[in-house]
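*Asks:* quick one: sequence plus predicted model below, questions after.
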Amino acid sequence: MKNKCLVYVRYSDYGTTKSEQLLGLNDFIKRNDLELVMTLEDQNSMEDLNKVENFKKIFASGSCNVFLIWRLDRLGSASASISESVDFINQLTEMGVRFISASDHIDSENNGGLFLKAIDHAVKSSKFVIKGERVHIALSTAKLLGEAVGRPKERDDLQILELRKDGLTARQIAEKLSTSIRSVSRALSSNAQGLDAPQ
């Protein structure tokens, strides 16, 4: 029997988009001589028990014999139980379903021990990938909102002294230059001429 695929795509505001997953999965299907039978999309997590049962019914009907996802973390949200995802994979393989996570290079047709090691590695890796993606999105959002991102710039003592001479307090200077009050105080204490302005 030719390998007939059920492709599952789960997407959210974080991480890989729906179109990126679909492009990657369609390319994987072509390269591995698989037949796409159906694609199921979900914008939430797969933690809903009804979804799991629906998948089992589809595979039990014999219309598909391959479950293909882009990455292991697509099975659930970052807070979902890892053991639940592994249980689901085990249930599928016990039904004779081939489980493939394309970007993790996980394929249940591989040697059993290697398959389990690959799942363990992918679970550990996906935690870091998810965290990295969320940090990247948070930084991009902060930049769009005009907020300072990253390490503070080197302090500009001359600019600090000029603002002090204009009558600004250390707190006002720090806010204006997006730096710390401590940094402003250090600049002022190391330049005696800046000390005659108001505190």
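*Replies:* Okay, I see it.

*Asks:* in the protein, where is pLDDT below threshold?
*Replies:* The chain contains residues with pLDDT under 70 at 1, 12-16, 43-50, 76-83, 111-138, 142, 148-153, 192-199.

*Asks:* which parts of it are strands?
*Replies:* Along the chain, the segments classed as strands by DSSP state E run 4-10, 35-42, 66-69, 98-101, 106-107.

*Asks:* need those strands in JSON lines (columns: mean neighbour count).
*Replies:* No exception for glycine: its C-beta is placed from N, CA and C like everyone else's. Compiled in JSON lines, these are given as follows (neighbours: other Cβ atoms under 10 Å):
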{"stretch": "strand 4-10", "mean neighbour count": "22"}
{"stretch": "strand 35-42", "mean neighbour count": "14"}
{"stretch": "strand 66-69", "mean neighbour count": "24"}
{"stretch": "strand 98-101", "mean neighbour count": "22"}
{"stretch": "strand 106-107", "mean neighbour count": "20"}
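
*Asks:* please tabulate the ones you listed in a markdown table, including the columns distance to Q172.
*Replies:* A markdown table is the format used below for the strands of the chain (distance: least, Cβ to Cβ, whole Å):
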| stretch | distance to Q172 |
| --- | --- |
| strand 4-10 | 49 |
| strand 35-42 | 51 |
| strand 66-69 | 54 |
| strand 98-101 | 54 |
| strand 106-107 | 56 |
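
*Asks:* wait, which of the ones you listed is closest to E175?
*Replies:* Each of those was scored for nearness to E175 using Cβ to Cβ, and the closest is strand 4-10 (42.8 Å).
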